[in-house]
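Peer 1: Have a look; sequence and predicted model below, questions after that.
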Amino acid sequence: MNFFNSPIHSWYSLYKRDLPWRRTRNPYLVWLSEIILQQTRIEQGLSYYIRFTEEFPTISDLAMASEDQILKIWQGLGYYSRARNLHFTARFIHEHYQGKFPEDYQSILALKGIGEYTASAIASIAFNLEYPALDGNIYRLLSRYFGISEPIDTGAGKKLFYNLAKELIIGTDPGMHNQALMEFGALQCTPKNPDCRSCPLNESCYAFSTKRISELPVKQNKTLQRDRYFNYLVLIGNNNTWMRKRVGDDVWRNLYEFPLIETKDEISIDKLLEQKDFQEIIRSELSVIGDISTWRIHLLSHQRIHYRFIRIRLPNEINVPDNLIRVNKEDIFNFAVPKLLETYLNENGLDVLSDRNTGSQH
Ligand code: SF4
């Protein structure tokens, strides 16, 4: 398979991006980088990686941290289950492996939050084991170069690509090889408009010679997106607001948020005021509705969140439900919150939590 591997390995030594996790074979740091970079662009993940390695230089430092501390540093990256699993697994390794990362593939795969791709990446980069790590970049590259039209998201397709990738990795430096293929897919064989003219594989690439680049790779299932509608109530009283910790099995579990009413669609404010959920939170007739933001959309992998913020001034604090935590407005940035709340606070500043802009009485 040298006709394929050699040009990519040479290309990688010339053009790879200089990134901190490429300068180490420490399994903890490789794992950390892989988890941060899942569903995250490198430019965005880099600062998080640096922050995590500064705050928690070893796996045991991460294990000893509190979940609130970890979620706060993770804030803005999204997919918060990654941070919670990171913490769980750090504790597990600290307790069961005396802080030393397990060195065989099956033990790595058994760790919470680590799937086949991540286990292969760690096994190959940190321990030189010949496990192919297939990410979206590698699927695309293999599909185009070898002309494979089997869908990449079916069991049969995954097996076919895995077997091919396994053949390719034999006899290489597996960590370098996996990273070279990923980087080549990310920078050279890009999803749209790949630079085929300068590609070292163009003379033997199936997709290039048959002009089928835009058709490959093939995907069978398009992700179904669910629409949800969130009405955040920004309660205000004497420079305080009220938040709650999100519970339940949810991407934002254990993050803090304003009390929230989920509705079936973008309902009017009058309809919202009639809702039982609303009246359970806003119990006083003397509460005053202030600004109402326009609806916006926040995209998650399987959900489209339509959301808005409704400022409400409370006449007194006595009537606030017990599950809400009173937060002085100056302290709000100490709480780990979902990205859409962070954006709202950054755009509007702390002023949005002051007793200004009163509107109609509820
Ligand atoms: S020639 Fe084009 S499609 Fe083929 S591997 Fe190179 S960049 Fe990808």
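Peer 2: Perfect, thanks for sending it.
Peer 1: Which of the helices or strands spans residue 192?
Peer 2: Following DSSP states H and E, there is no helix or strand that holds residue 192.
Peer 1: For the stretch 251-362 of the chain, which segments count as strands?
Peer 2: With DSSP state E, counting those that start in this stretch as the definition, the stretch 251-362 of the chain shows strands at residue ranges 256-257, 260-263, 288-292, 296-299, 303-313, 325-328.
Peer 1: May I see the ones you listed arranged in CSV, with distance to the ligand, mean neighbour count and mean pLDDT as well?
Peer 2: All C-beta atoms are positioned from the backbone trio N, CA, C, and that covers glycine. Shown next, in CSV, are these (distance: least, C-beta to the nearest ligand atom, whole Å; neighbours: other C-beta atoms under 10 Å; pLDDT from 0 to 100):
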stretch, distance to the ligand, mean neighbour count, mean pLDDT
strand 256-257, 43, 20, 94
strand 260-263, 44, 15, 93
strand 288-292, 49, 18, 86
strand 296-299, 28, 13, 89
strand 303-313, 32, 19, 92
strand 325-328, 51, 14, 91
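Peer 1: Turn those into CSV, including distance to residue 125.
Peer 2: Formatted as CSV, those follow (distance: least, C-beta to C-beta, whole Å):
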stretch, distance to residue 125
strand 256-257, 35
strand 260-263, 41
strand 288-292, 50
strand 296-299, 31
strand 303-313, 32
strand 325-328, 42
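Peer 1: which stretch among these comes nearest residue 158?
Peer 2: Nearest to residue 158, of all the strands of the stretch 251-362 of the chain, is strand 303-313, at 24.8 Å by C-beta to C-beta.
Peer 1: contacting residues around that closest one?
Peer 2: Residues from elsewhere that reach strand 303-313 (C-beta atoms under 8 Å, 6 or more residues apart in numbering): 225-237, 258, 266, 269, 272, 282, 287-299, 340, 344, 352, 355, 357-358, 362.
Peer 1: One more pass at 6 Å, please.
Peer 2: With contact meaning C-beta atoms under 6 Å, 6 or more residues apart in numbering, strand 303-313 is reached by 225-230, 232-236, 287-293, 295-298, 340, 344, 355, 358.
Peer 1: so how far is the ligand from residue 24?
Peer 2: Counting by C-beta to the nearest ligand atom, to the nearest Å, the gap between residue 24 and the ligand amounts to 29 Å.
Peer 1: Number of residues surrounding the residue nearest to that residue when sequence neighbours are not counted?
Peer 2: Distances taken as C-beta to C-beta, 6 or more residues apart in numbering put residue 30 closest to residue 24, at 6.9 Å, once the chain neighbours are dropped. As a burial measure, residue 30 scores 23 neighbours (other C-beta atoms under 10 Å).
Peer 1: One more: residue 163?
Peer 2: Using other C-beta under 10 Å, residue 163 has 11 other residues around it.
Peer 1: Quick check, pLDDT for it.
Peer 2: Looking at residue 163, its pLDDT is 96.
Peer 1: same question, residue 221
Peer 2: For residue 221, the model assigns a pLDDT of 72.
Peer 1: swap in residue 269?
Peer 2: On pLDDT, residue 269 comes in at 89.
Peer 1: That one - how many residues pack around it?
Peer 2: Using other C-beta under 10 Å, residue 269 has 15 neighbouring residues.
Peer 1: Would you mind pulling the contact partners of the helix or strand hosting residue 143?
Peer 2: Taking DSSP H and E as the definition, residue 143 sits inside helix 136-146. Here helix 136-146 makes contact (C-beta under 6 Å, 6+ apart) with 152, 161, 181-182, 185-186, 189, 201, 205, 207, 216-217.
Peer 1: and those residues, which are buried?
Peer 2: 152, 161, 181-182, 185-186, 189, 201, 205, 207, 216-217 (16 or more other C-beta atoms under 10 Å).
Peer 1: and the angle for the helix or strand where residue 159 lies with helix 136-146?
Peer 2: Element membership for residue 159, per DSSP H and E: helix 155-169. Interaxial angle of helix 155-169 relative to helix 136-146 (axes from the mean of the first three to the mean of the last three C-alpha atoms, to 10 degrees): 80 degrees.
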